[in-house]
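>>> everything below, folded, please.
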Amino acid sequence: MEKTNKNKSPKHLKPQSMNKKVKLTAADHAFNVCVNVFMVIMLIVIAIPLWSTITLSFRPSDYIGTNLEGMFYPFWKWSPDAYKALLGNDGFLDAFLNSFKILIGGVACALVLTVPMAYVLSVHTLPGRKFINIIIMIPYVFNVGMIPAYLLVKDIGLINHLPAVFLPGAISTYNCIIMKQFFEGIPGELKESASIDGCNEVQVLFRIIMPLSKAIIMTVGLFYAVSFWNDFFHAMLYLSDNYPLPILLRNILMASGMNEYVEVNAFGNAPVEAIKAASVFMSAIPMVIAYPFIQKYFTKGTLAGSVKG
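Residues are numbered from 1 along each chain as shown. Predicted coordinates:
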């Protein structure tokens, strides 16, 4: 009488690989140690200047000591005089508002130009697509300088107007290429299905492409926001008054006991060094506040734009 082998049920079958733990080699442990040490060093390199700036901004006018001693100055002896002087000064508030206007207007204008341009370049059936890509890459590789841009801004009457700060750099070739690569990675079947349903290219862009591209749009928007918020050169070149925050900070940082930049003298009796540190710290607050809200999009967008397919 033959014995029949009964197959065991799958739940009783446990793969041997699941019971085995991956053992790290000596090289793996060494690599992990090196990574941890590197991260600690980078944390120290970033934390020390940041903490020094924060403590310096709260330093009272009667403080006597070195900067190193000031980093360990008791927090209950800190003084908010520098922040009160900055927030109570009309010049600082006007500069902050001008920077905010440049930020909002610049990001909106840049995205309105970059998204359609990147989408058009991602369409493989576009006539002359390769030639257009070459034309776009030429100014990216061979910079023609600031003179043509300045003459153009002057001819259209934008000198001493805030749009002159962000319009010359309203579209970045690098950001456009990154966004184009992302659009090319979206399955073509989605576009074909929308076209069969009667959508034209504009409707495909707004109804299909953009809802799927939140990550790259937010990432590129963050790149533009940081660029416009910290833009110093264009503001100095095109504006003679209504300065944004970077110009005011330059004047404050260059201030001394007797100087041609009198902005510091308008901030009351707060220590000059504390005003410098407080102004630098406050200028970074908007980007620090905005980044956590778009961090998940930033992580996805920076990786997705570099992978095709």
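
>>> so what's the residue lying closest to Leu239 once chain neighbours are set aside up against?
Once flanking residues are discounted, Leu239 sits nearest to Asn160: 5.7 Å by CB to CB, 6 or more residues apart in numbering. For the C-beta atoms, the positions are set from N, CA and C on the backbone; glycine is no exception. Asn160 makes contact with 238-242 under the criterion CB atoms under 8 Å, 6 or more residues apart in numbering.

>>> distance check, Val220 against Gln181.
Distance from Val220 to Gln181, counting by CB to CB, to the nearest Å: 12 Å.

>>> among those two, which residue is more densely surrounded?
Val220 (28 against 18; other CB atoms under 10 Å).

>>> so what does the helix or strand harbouring that one touch, helix or strand wise?
Here Val220 sits within helix 214-229, counting by DSSP states H and E. Secondary-structure packing of helix 214-229 (3 or more CB pairs under 8 Å, 6 or more residues apart in numbering; DSSP states H and E): helix 90-122, helix 173-184, helix 272-304.

>>> re earlier: redo the contacts of Asn160 as a markdown table? Include pLDDT and neighbour count.
Listed next are the contacts of Asn160 as a markdown table, based on pLDDT from 0 to 100; neighbours: other CB atoms under 10 Å:
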| residue | pLDDT | neighbour count |
| --- | --- | --- |
| Tyr238 | 89 | 21 |
| Leu239 | 87 | 19 |
| Ser240 | 83 | 8 |
| Asp241 | 81 | 7 |
| Asn242 | 81 | 15 |
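
>>> closest to Trp78 out of the residues you listed?
Using CB to CB, Asn242 is the member of these that lies nearest Trp78, at 33.4 Å.

>>> spatially nearest residue to the closest one, not counting backbone neighbours?
Asn98 (5.7 Å).

>>> give the buried residues for the helix or strand containing Asn36.
Assessed by DSSP H and E, Asn36 sits inside helix 26-57. Within helix 26-57, the residues scored as buried using 16 or more other CB atoms under 10 Å are 55-57.

>>> closest to Thr25 among those?
Nearest member of those to Thr25, counting by CB to CB, is Thr55, at 44.4 Å.
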